[in-house]
Each structure stands twice: as structure tokens, then as C-alpha cells.
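# no sequence on this one, just coordinates:
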């Protein structure tokens, strides 16, 4: 249609008649025919309607002065239409092409602006379904809005560029979520939604975002970030993993103190609330630049498979050598929700398995309470019992665990943390243990599963820490906090009790915070009875200890003090909330 200037002027003449509600039946039929057979006319008509809707607010703002403004704009419109008619008479192909491009640019800008607003409202706009029925939208809009529309379109051709908001660019798609909850933001949060440049905040669960270049990012709540381009993301705080396929090399991940450029790889990044960044390369290579946000862009180092780096808030790279810890990151969104839920609760049994508390740990990993070493699978040390050293042993391979010990207070207080906290009221025990501390559900000798109140624990949906008497373990709450920027630890919750099915047990259960007793259940004898525990935790509480002692069993008495801490979780809340 735009290749024929006369048709172009005729088309807008019909729209003007429709706008002023003076269109005749013949003109209406003519417009109807144009829309039915001419795709270009359909496109421009849709843009015309969108502009009408967009400019409703101008009509409301100018109600008091509308007659005067309308006269001015009608006069301008008449001049524009005269110019269009004069232009049609000239029939110069070059200028006709220029007008076509000008109109297309104006229509495209209006359409993109409308599309952005629709996305912000989280509503999908099915543009292909716009049809002739949209004509009814124009009635009642008034001459002012319509005049403004024509001036915007024709003014672009005559050299007067309107103040049009820049068209948003689709940079990524939200391809998958699990238990996700988003803070207030302007971008869509439904699976399949197109994402533009903008900030987002995931406060609970998981989300996967696929960028236009093919790179995929998995975010674990809480995470605050900004989509910057179709191949670049800025992580303000939180944790994410990125997978960059062939062809998407050069994907950039920015933090407040660094810039990371991928060379075709898989890596994880975390940013703490204090501004410290960590880079863990699982496969491939990543180039690291520091001081990106201060304009320094100082090249630091290339990290390769298995390597990790720590960058402080000033952009300084630590000289210490670190190993990548893949299990501390969620690399793929699980098919079903683990017991630990980002932003809600952290599963401490998963931490025993080397995980981050959200399902990344080995469900069959155990820790020797006498030397802190881990091994796959449940390990029964000795049915008679192994004599412990009564020393506190740090666990080098597990970031969130401070250490383990074999409790025996016969010689006085015992150390329960690497910082010298002591358990002053630890009872005198025989100092022997039979099991490793285990993430999961162990089968006892008579093949019965571990039960409390008739329910089986140590499973995916109902996790448990299995322990024998005279074993203890201490968790480092500060390290756990550092892994969850944006979340606070407000409480520890679990069920405890004896399990198994033979002999005559007697055991004591303990929970300590920085060496101070916060819970005890002494002289427990009856199996399969659960005791509920909830301990509130303050931000300054550092070490959480759980332990089982033998309750006075003498060496060689054959006591079978099998116990579990079922559904052991840290309850989380957003920073600033209880």
C-alpha cells in the first residue's frame, strides 16, 4: 500500500472519517475491504489502534483545554494531509520509499512500547488475532488523541522526531521454574515468558533462564540480578550456575566487583551480601577481570576445570588456591522439590552428604566421628564399639561442617568447635561408637528400617541424620549464611528419638549452640517415639552441635543406642524479616 502514495493518503483519510464518527457506509465498506486484503493496511491499523489506547491519558490530561488544542491540531492535520496529497501528485518513488520507512519505524516503535507494557502486566498479547473487530476501539477516543497519532506518524517523515520510548529488546526466556516466588518486579515470571533488560529478584525456589545466544543460567533463591543484554547478566547477590554451549562463547557474567567471560564451559558464581564473589569452574575455562564496575577492567586470571577463585569486595583476587565445589551449587533444577527449599528451609542431612542443603548431597555419605573422614555408604565400624580419641576433629572436605567428635566428659569439658567452645556438662561415657554419622536410613541387623512414631525417615522426602551413641557433629552457621545471601537463619528444627529393634537401649540427645546446652533428652529408652525440637537462633550464633551419648551404658553391655535426628532443618527467612 505504501508504494502507492494516493492509497496511503486515502487510507488515512478513511481513518480520519472513522475517528470523527462521520464515516459513510461506502467509506466503511472501502476501509473494510482494504483491511481484508492488504496485510500492510492491517499492520498499520493495529499500530494506529495501539497508539489510540496509549494516548487515552493525553485526552484526560487536556480536558479543560481540549477545544483550543483540537483546533490547532486539526489545522496541523489539514496541512499534513495537504502535503500528503501534494506529495502523491509528485509520484516520486524515492520519497514514497522514505515515507514507507518512516511510517514503519513509527509503527514499530509504538508496537514495541505497547508490547513492553503488556509484558509488565504479565499478559501475553496474541497480536496475530487482532482483526477488523478492533475498529470499535476507536469510537469515543476523541479528535485530540487521533490528531496526535497522525502528527507522530507524519512528523517523523517531515523531520520532526517524536519523543518515543526506545523499543525494548528481548534478551532471554524464562524456561523453567520450581517452587519459585518473585519479589515485585516489572518482568514476566511465568514459564515461557520473554524477558527484557531489567532487574529481577528470586526470593524462593529455582529458576532457569535461557538467553538468546543459547546460554542457560540456573538461579537458586534468594538471588537478585539484572538482565543486561542477550549475552550478559549482572548478579548483585546470590548463587547461579551457567552452561554455555558451543556458539555462545563470550557469555558475560558481571558482579559488583568483577567480570567473568566464558570460553565455552559450565561454571558457578556466588556473591555474598558483603560483596565477595566466588567463581567455580566445573568444566572449560573462564576469564576473570576485576574492578569491572569501577572502570578498572583489570585482567586477573583464567580459571580452568576444577579451579575456583575468591574476589573480595574491592576486586582483589585471593592468592590462595581453591578447588571448585560443584555440590555447593544447584546445576540443574530437580524434577521434584527436595526437602530443602531455597528461601524457606535448609536440609542439614543433605549437608552431611556434602551438599549445599538443597538436595545436591550424596544420600549415602557418612563421616567418621573419630577422624572427620568421609566415605560413600553406611559404615558400621564395630558392633562392640570403637574407642574414640575424645578430640575435636575438623572436617576439611565439608564446608558447612566445622568438625566431629566422640563425646566423653569423664575428664571434664570437651571441645565442640574449632574456636574452642566446650561442652561443660558432657556426661561420662564409655567413649565408644559403632556407626559413622550418616545421611540416610540405615538397615539394622534385623533388616528393619529406622522409624519414629511409625514413620520411616532417611528418605528423599523425609531426610534424617543417623547416629549411634557417643558421636557428635558441629555445623558452622556463618559459612551456611555466607552461601545464602539474602536469607537469615532463624531457627533449628528436628525430631529425635531411638530407633532399631534389639537389646535394651538408653541414650541421651543433645543440642548445643556455641557450646551452650539448648536442648537435652536424657535417659531415653523407648524406641520409635519422636521428640520435637525447635531452637530459635540469633544472627550472632555461630556453631550448632547435635550429639548422642550412651546414657550410662557400661563397656560390653551390648547397648544398641541407634538414634536419628529426623527432618533436621534450618528455618530461613528473608533478610530484614523474622
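On my side now, so go ahead. Just so it is clear, the structure is predicted and the values come from calculations on it, not from any experiment. Residues are numbered from 1 along each chain as shown.
# Report pLDDT for residue 346.
Per-residue confidence at residue 346 stands at 97 (pLDDT).
# I figured it hits residue 357, correct?
Yes: distance between residue 346 and residue 357: 3.6 Å, which falls inside the contact criterion (CB atoms under 8 Å). Placement of C-beta: from N, CA and C, glycine included.
# which residues do these two both contact?
Contact criterion CB atoms under 8 Å, 6 or more residues apart in numbering; residues shared by residue 346 and residue 357: 340, 480, 570.
# mind checking pLDDT for the first one?
Read it as residue 340. Note on residue 340: pLDDT of 94.
# if I look at it, how far off is residue 353?
11 Å (CB to CB, to the nearest Å).
# what does the second one give?
From residue 480 over to residue 353 the distance is 15 Å, taken as CB to CB.
# more neighbours, those two?
residue 353 (26 against 22; other CB atoms under 10 Å).
# Excluding chain neighbours, give the residue nearest to that one in space.
residue 361 (2.9 Å; CB to CB, 6 or more residues apart in numbering).
# Count the residues that sit near that neighbour.
25.
# Wait, residue 315 touches residue 258, no?
Yes: when contacts are counted by CB under 8 Å, residue 315 is listed as touching residue 258 (6.2 Å).
# more neighbours, the two?
When residue 315 and residue 258 are compared for neighbours, residue 258 comes out ahead with 27 against 22, by other CB under 10 Å.
# I figured the more buried one was touching residue 277, is that so?
Yes: counting by CB under 8 Å, residue 258 touches residue 277, with 5.2 Å between them.
# Mutual contacts of those two, please.
Listed contacts common to residue 258 and residue 277 are residue 311; contacts here mean CB under 8 Å, 6+ apart.
# re earlier: among the shared contacts of residue 346 and residue 357, which are located in strands?
Members of the shared contacts of residue 346 and residue 357 lying in strands (criterion: DSSP state E): residue 570.
# got the residue ranges for the helices in this protein?
For the chain, helices defined by DSSP state H occupy the ranges 5-19, 25-37, 39-54, 56-61, 66-90, 93-120, 143-157, 348-352, 477-482.
# for the second one, packing partners?
Think helix 25-37. Judged by 3 or more CB pairs under 8 Å, 6 or more residues apart in numbering; DSSP states H and E, the packing partners of helix 25-37 are helix 5-19, helix 39-54.
# which stretch in those helices has the least confidence?
Taking the mean pLDDT of those, helix 39-54 comes last: a mean of 63.
# what's the neighbour count on residue 359?
When neighbours are counted by other CB under 10 Å, residue 359 registers 21.
# swap in residue 344?
Neighbour number of residue 344 under other CB under 10 Å is 18.
# where does it fall, phi/psi-wise?
Residue 344 adopts backbone torsions of phi -120, psi -60, taken as degrees, to the nearest 10.
# Wait, it touches residue 572, no?
Yes: proximity of residue 344 to residue 572 meets the contact threshold set by CB under 8 Å, at 5.8 Å.
# For this protein, give me the ranges with low pLDDT.
For the chain, applying pLDDT under 70 flags the ranges 1-9, 19-21, 42-168, 185-188, 291-299, 378-384, 441-449, 500-503, 553-560, 576-578.
# how's it carved up into domains?
5-157, 170-328, 345-574 (automatic domain parsing).
# gap between the two ends of the last one?
Counting by CA to CA, to the nearest Å, you get 11 Å between the two ends of domain 345-574.
# Can you name the residues bridging to the closest residue to residue 571 other than its chain neighbours?
Using CB to CB, 6+ apart and skipping residues adjacent in sequence, the residue nearest residue 571 is residue 491, 4.2 Å away. Beta-bridge partners for residue 491, by DSSP bridges, are residue 536, residue 571.
# next one: residue 564
Beta-bridge pairing for residue 564 (DSSP bridges): residue 466, residue 497.
# which residues does it contact?
Residue 564 is in contact with 450, 452, 457-458, 464-467, 496-497, 499, counting by CB under 8 Å, 6+ apart.
# what do you get for residue 264?
Residue 264 neighbours (CB under 8 Å, 6+ apart): 244-246, 248-249, 284-285.
# just the buried members of those residues?
Neighbour counting by 16 or more other CB atoms under 10 Å classes 244, 248-249, 284-285 among the contacts of residue 264 as buried.
# Dump those to TSV, plus distance to residue 432.
Converted to TSV, the buried ones among the contacts of residue 264 look like this (distance: CB to CB, whole Å):
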residue	distance to residue 432
244	52
248	57
249	57
284	48
285	50
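# List just the nearest of these to residue 550.
residue 284 (50.7 Å; CB to CB).
# what about the strands in the stretch 201-350 of the chain?
Here the stretch 201-350 of the chain has its strands, by DSSP state E, counting those that start in this stretch, at 216-229, 232-243, 252-255, 258-262, 266-271, 277-283, 285-290, 298-304, 307-311, 322-323, 345-347.
# So the nearest residue to residue 545 once chain neighbours are set aside versus residue 468, what's the distance?
Among residues not flanking residue 545 along the chain, residue 512 sits closest, at 4.0 Å (CB to CB, 6+ apart). For residue 512, the distance to residue 468 (CB to CB) stands at 18 Å.
# now residue 387, which residues is it bridged with?
Residue 387 has these beta-bridge partners by DSSP bridges: residue 432.
# Next: residue 200.
Residue 200 forms beta bridges with residue 225, as assigned by DSSP bridges.
# my read: it touches residue 182, true?
Yes: using CB under 8 Å, residue 200 is in contact with residue 182, at 6.8 Å.
# can you list residues touching both of the two?
In contact with both residue 200 and residue 182: residue 189, using CB under 8 Å, 6+ apart.
# just to revisit the earlier point, what's the separation between the residue nearest to residue 353 and residue 453?
From residue 361 to residue 453 the distance is 25 Å (CB to CB).
# hang on, the earlier thing: tell me if I'm right that the residue nearest to residue 353 and residue 350 touch.
Yes: counting by CB under 8 Å, residue 361 does reach residue 350; the two are 4.1 Å apart.
# anything in contact with each of the two?
With CB under 8 Å, 6+ apart as the test, residue 361 and residue 350 both reach residue 439.
# just to revisit the earlier point, quick one: which of residue 200 and residue 182 has more around it?
residue 200 (22 against 18).
# ok, which pair from the buried ones among the contacts of residue 264 is furthest apart?
Maximum distance among those (CB to CB): 14.0 Å, for 248 and 285.
# Identify the contacts common to these two.
Going by CB under 8 Å, 6+ apart, residues that sit against residue 248 and also against residue 285 are 262, 264.
# From residue 203, how far out is residue 184?
The gap separating residue 184 from residue 203 is 10 Å, by CB to CB.
# Look at the two and report which has more neighbours.
Neighbour count, other CB under 10 Å: between residue 184 and residue 203, residue 203 has more, with 18 against 5.
# Is the more buried one in contact with residue 238, as I believe?
No: counting by CB under 8 Å, residue 203 stays clear of residue 238, with 10.2 Å between them.
# contacting residues for residue 511?
Listed by CB under 8 Å, 6+ apart, the contact partners of residue 511 are 492, 517-520, 533, 535, 544-546.
# Same list, these, but as JSON lines with neighbour count please.
Shown next, in JSON lines, are these (neighbours: other CB atoms under 10 Å):
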{"residue": "492", "neighbour count": "26"}
{"residue": "517", "neighbour count": "14"}
{"residue": "518", "neighbour count": "17"}
{"residue": "519", "neighbour count": "17"}
{"residue": "520", "neighbour count": "14"}
{"residue": "533", "neighbour count": "19"}
{"residue": "535", "neighbour count": "16"}
{"residue": "544", "neighbour count": "25"}
{"residue": "545", "neighbour count": "26"}
{"residue": "546", "neighbour count": "24"}
